[in-house]
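J.: predicted model and sequence below, questions to follow.
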Amino acid sequence: MAQTSAAAPSTSSTAPRGGPSSSTTSTAAEPEGRPTAPKGSPGRPRGGVVDPRDVDDAQASEVAQAYARTTSTIDTRIDRSYSDAQRRATRWLDPKIAKELEQNLPADPGWSQLAKDQAWTTARTQDVSPDGSAPSGLNASRVIEVTVTTKGAGGKSIGKPDTVTMLVDLARAGTTKPWLVTAVSTY
């Protein structure tokens with residue numbers, strides 16, 4: 001299990017996988033000389049986007065799933081790294097974490113193969129948190145299963161779907177305030 005705290009996860013996946021992997025790292029203080037990936041172009045990923053109007057931010061599960069689906073949906077037509085998907089998810093992140101995504105982040109291993117394949121992903125999520133774990137108070141954790149399908153330029157699947165589990169920690173400033181993601185662990 002890898003965990004991030006005080007930073008959104010950065011994937012370290014090899015092609016053709018997309019989305020979160022078993023290796024997540026912090027965006028803070030990367031080793032000097034490590035190549036960075038520039039920001040991608042504006043646009044809508046071929047795998048779709050989560051419409052914020054469809055997410056009830058008073059429900060921790062909905063916010064956790066929106067975050068997981070958004071960070072797992074990439075499109076090499078508009079993205080330059082997995083970090084672009086993370087940037088699209090900033091609306092569901094604690095502002096301190098979201099600010100870190102404004103910079104150029106480390107390049108992702110395997111991205112060049114995805115780009116060569118003109119790959120894009122779709123993601124499905126399901127909250128698989130144990131019964132009785134309903135959020136209360138100002139902090140919550142949700143267990144989100146994410147199934148990512150990678151597709152090539154013609155829409156044909158590349159490999160088999162990849163399923164990972166994310167433990168998403170959330171917090172809110174008050175009982176009537178929205179839930180925001182504060183940390184993620186990927187299994």
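T.: Arrived safely, thanks for sending.
J.: please count neighbours and contacts with C-alpha atoms only from this point.
T.: Will do.
J.: the nearest residue to Gly40 once chain neighbours are set aside: neighbour count?
T.: In space, and not counting its chain neighbours, Gly40 is closest to Asp79: 4.3 Å by Cα to Cα, 6 or more residues apart in numbering. Asp79 sits with 23 neighbouring residues when counted by other Cα atoms under 10 Å.
J.: A strand includes Asp79, no?
T.: No - Asp79 sits outside any strand when classified using DSSP: H, G, I helix; E, B strand; the rest coil, being coil.
J.: backbone dihedrals for it, please?
T.: With angles defined as degrees, to the nearest 10, Asp79 sits at phi -100, psi 150.
J.: surely it meets Thr71?
T.: No - between Asp79 and Thr71 there is no contact under Cα atoms under 8 Å: 11.8 Å.
J.: related to what we said a few turns ago, what's the pLDDT at the residue nearest to Gly40?
T.: Asp79 is assigned a predicted lDDT (pLDDT) of 94.
J.: so what sits against both of Asp79 and Thr71?
T.: Ala85 (Cα atoms under 8 Å, 6 or more residues apart in numbering).
J.: so what does the one residue sitting closest to the centre of the chain have for phi and psi?
T.: By Cα atoms, centre = their mean, the mean C-alpha position of the chain lies nearest to Thr71, the distance being 2.3 Å. Dihedral angles of Thr71 (phi, psi; degrees, to the nearest 10) stand at phi -70, psi -20.
J.: measure it to Gly154 for me?
T.: Counting by Cα to Cα, to the nearest Å, the separation of Thr71 from Gly154 is 22 Å.
J.: any low-confidence regions in the protein?
T.: Residues of the chain that meet the criterion pLDDT under 70 lie in 1-38, 104.
J.: mind running it again at 80?
T.: 1-39, 101-108, 131-134, 136 (pLDDT under 80).
J.: all strands for it, in order.
T.: 2-5, 10-11, 24-25, 36-37, 105-106, 120-127, 139-151, 162-171, 180-186 (DSSP state E).
J.: any chance of a markdown table for these, columns mean neighbour count and distance to Lys99?
T.: A markdown table is the format used below for these (neighbours: other Cα atoms under 10 Å; distance: least, Cα to Cα, whole Å):
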| stretch | mean neighbour count | distance to Lys99 |
| --- | --- | --- |
| strand 2-5 | 17 | 14 |
| strand 10-11 | 26 | 14 |
| strand 24-25 | 20 | 16 |
| strand 36-37 | 16 | 17 |
| strand 105-106 | 22 | 12 |
| strand 120-127 | 22 | 25 |
| strand 139-151 | 23 | 21 |
| strand 162-171 | 22 | 17 |
| strand 180-186 | 25 | 13 |
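J.: among those, which is nearest Ala66?
T.: For Ala66, the closest of the strands of the chain is strand 120-127, at 8.3 Å, according to Cα to Cα.
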